[in-house]
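> model this:
(2 chains)
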Amino acid sequence: MKLEDIAGELGLTEFTPGVTGNREAEIDHGYASDLLSDVLAHAPEGGVLITLQVHLNVIAVASHAELAAVVFAGNRKPDDEVIAKAAAEGLSLYGSPSDTFDIVGSLSALGVKGHHA
Amino acid sequence: MEHLSYDIRSGDFNGAGAASRDLKRHLKRIGAESDAVRRAMIAAYEAEMNVVIHAESGRLEATVTDGQLDVDVVDRGPGIPDIPAAMREGWSTASAEARALGFGAGMGLPNIERNSDRVSVTSAVGEGCRVSFTVMLRPEAADQGARPSSLGIAAELCRDCRRCLVACPTAAVRVREAHPSVLHHLCIDCTCCIAACEPGALTLLDAPGGLPSDGVLAVPPALLAGFGDHGVETVLEELRGLGFAEVLSVHPYEDELRREVLDLAGSGAVEAPVISPVCPAVADLIEVKFPSLVRHLAPLASPWEALQRDLDRQDVTYAVSCPCQRTAILAQQPTAQRHTVTARLVREAVLPRLAARHSTASGSSAPRPQEAGADDLLVVTGVAHVEAVLEQIEDGRLGGVAAVEPFICDDGCFGSPLLSEDAYVASWRWAAAAGGAPGHGRSFARSRPYRPRPGIRLDPDMAVAIRKLAELDAETRSLPGKDCGVCGAPTCATLAEDVVMGRAARALCPYVAPEEESTS
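As a prediction, the model looks like this:
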């Protein structure tokens, strides 16, 4: 499913409107974790990450792991520096009031799978 | 070759990742395969974060050569008191600040290990630590548990005689269109193909910048004893004359290792007979071809690794006499490749100085003193004998032997085909000059434990491997079984494997009729 369609279905808030390159990207896989080494080790390339962490290192890790997008759960919002960095890396950031469990559940219902599925 | 260097600031969580990001840019620019880039970046980022989280300051140095990336991260800081614990997932000493940011989950070093093809961690508590790792940039190598090899190939010298094909104990060599190549996941860095290659198309890689002329020079005893009438003392003196502050021989570390192995054999701590890791190529052969014997290997560093650990400095030039020594040194310190040279290069440099002198042979011919407990030690040299003895151990047929000291080269390290003096002459001269090159050796535990290498596995996924095994059986049966070598693989079975793994077409076989090929 296309990233912009997923964002629409889940009612996500887009923090990086300047990043348009990923909107058409097909998102088949996702990962949920707040441990950055775990994200590095297991997040699927081109996928989406659901996390509570909103600081700058998340962008570095997501960029290293070559993710397409990050969704911040539980109404968490990154500050402007983080958003600017993500935009520079071509990474899309979204926010949701739902918690991690519910976001993953919704994504799963849309056919987005885990790393090994 | 490209060399990159970055300072890493402690506690700089926001700036962290800059070095690994820049490295990624370079790797992409040289066209490295994307999965390799990703693995390299994960390992580099984790190493960078280790410095940010734990150390006072640090530096990341990276060397990119054709086919591989070597990274060395050295920091000043508290060091790691228990390295095996740190290599286990979940072990961490990170601060609350680091943990709050999602770091310090104890996955850093395991992540580096998982994403690199070799890794070494050394540390002095209270001083700092060094994390070195290598990532193979060619995908087909990384897939199959390959590690870097120090074998150099000069294809233009190849005469297509194919002696190397049958010389290789692990069937790792292929010759196609007069171009030798090596399957890195099988190569054990021995000298068998080098010894078989008359024109010198297969050889040992030299340091890219030639012979350095300062710092410390470490040499094998066979080099010191390899200049005819010139005594060991004279050779040492002239080597220092090249500009080196100190010239050391590796032999005290060989002696120390032998003592430790005999001690281990006496204590029963390692399953008997204890196999000495004196020759890294044999240790490698065991990992690839005799995995059940890994538990017989003494968990100690080879003499060159021990010397390197003991000196622990950057300005050491290692003059090695075979590929396995070079590979062992680089496994501990990848950036040392600027400082690993062939014994031949040192020989050529010092020969003019020696030629200008008169012969200074010492009259001493005292035999070398016997080592304690040497009676219990079985010394085996040459790949055929080594394999025969390893098979006896595997079958439980080697009774009465406490310890084995195996060398892949005929006549041990003195017999390396890369040395110019005859093995018997050099070892006689060395024995005659015993004490001519004093020094103290130490032995060290090995940082990475010996373990079976999945070199012969057909696929990481067992289900796929089983399917490939069936294909392999069918493919092997369809070939004539003549093992002629015309196809460039040593045997019909190895060609069958090349076909199944997509490395070659079965049409290379001169006995397979073309129509049979097109219908299969």
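> tell me where the model's unsure across chain A.
Along chain A, segments meeting pLDDT under 70 span A:116-117.
> so how far is residue A:96 from the residue positioned nearest the centre of chain A?
By Cα atoms, centre = their mean, chain A has its centre lying nearest to residue A:70, at 1.7 Å. In this view, residue A:70 and residue A:96 are 11 Å apart by Cβ to Cβ, to the nearest Å. For glycine as for every other residue, the C-beta is placed from the backbone atoms N, C-alpha and C.
> got it, and residue B:236?
Residue B:236 is 72 Å from residue A:96, by Cβ to Cβ.
> give the contact list for residue B:384.
By Cβ atoms under 8 Å, 6 or more residues apart in numbering or on different chains, no residues touch residue B:384.
> run a quick neighbour tally on the closest residue to chain A within the stretch 351-500 of chain B.
Nearest residue of the stretch 351-500 of chain B to chain A: residue B:461, at 11.5 Å (Cβ to the nearest Cβ). By other Cβ atoms under 10 Å in any protein chain shown, the residues close to residue B:461 number 11.
> try residue A:47
By other Cβ under 10 Å, the residues close to residue A:47 number 22.
> which phi and psi does it have?
Dihedral pair for residue A:47: phi -100, psi -170, per degrees, to the nearest 10.
> re earlier: in a strand, that's where the residue nearest to the centre of chain A is, yeah?
Yes. Using DSSP: H, G, I helix; E, B strand; the rest coil, the secondary structure at residue A:70 is a strand.
> disregarding flanking residues, what is the spatial nearest neighbour of it?
residue A:49 (4.8 Å; Cβ to Cβ, 6 or more residues apart in numbering or on different chains).
> name the SS class of the one you found, please.
Here residue A:49 is recorded as strand under three-state DSSP.
> again, but for residue B:442
Counting by three-state DSSP, the backbone at residue B:442 sits in coil.
> not counting its neighbours along the chain, what's nearest it?
Closest residue to residue B:442 in three dimensions, ignoring its sequence neighbours and counting by Cβ to Cβ, 6+ apart: residue B:310, at 5.0 Å.
> same question for residue B:206.
That would be residue B:342: by Cβ to Cβ, 6+ apart, it lies 5.1 Å from residue B:206.
> quickly list what the one you found is bridged to.
residue B:320 (DSSP bridges).
> give the contact list for it.
Listed by Cβ under 8 Å, 6+ apart, the contact set of residue B:342 reads B:204, B:206, B:319, B:320, B:321, B:418.
> and with 7 Å instead?
Neighbouring residues of residue B:342 by Cβ atoms under 7 Å, 6 or more residues apart in numbering or on different chains: B:204, B:206, B:320, B:418.
> what ranges do the helices span in the stretch 51-200 of chain B?
In the stretch 51-200 of chain B, the helices defined using DSSP state H, counting those that start in this stretch lie at B:83-86, B:96-100, B:108-114, B:139-143, B:163-167, B:192-196.
> which among the ones you listed is found nearest to residue A:40?
Residue A:40 lies closest to helix B:108-114 among the helices of the stretch 51-200 of chain B, at 6.1 Å (Cβ to Cβ).
> tell me how many other residues surround residue B:241.
Counted with other Cβ under 10 Å, residue B:241 comes out at 12.
> list the contacts for it?
Residue B:241 touches residue B:353, counting by Cβ under 7 Å, 6+ apart.
> got the phi/psi numbers for it?
Main-chain dihedrals, residue B:241, degrees, to the nearest 10: phi -60, psi -20.
> residue A:23 touches residue A:3, doesn't it?
Yes. The criterion here is Cβ atoms under 7 Å, and residue A:23 meets it with residue A:3 at 5.5 Å.
> center of chain B, which residue is that?
By Cα atoms, centre = their mean, chain B has its centre lying nearest to residue B:327, at 2.5 Å.
> that residue and residue B:150 touch, don't they?
Yes. Counting by Cβ under 7 Å, residue B:327 touches residue B:150, with 4.7 Å between them.
> where among the helices of the stretch 51-200 of chain B is average confidence lowest?
Ranked on mean pLDDT, the bottom entry among these is helix B:139-143, at a mean of 46.
> check which residues of stretch B:126-142 are buried.
Judged by neighbour count (16 or more other Cβ atoms under 10 Å in any protein chain shown), stretch B:126-142 contains these buried residues: B:128, B:129, B:130, B:131, B:132, B:133, B:134, B:135, B:136, B:137, B:141, B:142.
> residues making contact with it?
Applying Cβ under 7 Å, 6+ apart, the set of residues contacting stretch B:126-142 from outside is B:32-33, B:35-36, B:39-40, B:43, B:47, B:50, B:55, B:67-80, B:112, B:116-123, B:146, B:148, B:184-185, B:332-334.
> which of those residues fall within strands?
B:68-76, B:118-123 (DSSP state E).
> against chain A, how distant is residue B:304?
Distance, residue B:304 to chain A, by Cβ to the nearest Cβ, to the nearest Å: 33 Å.
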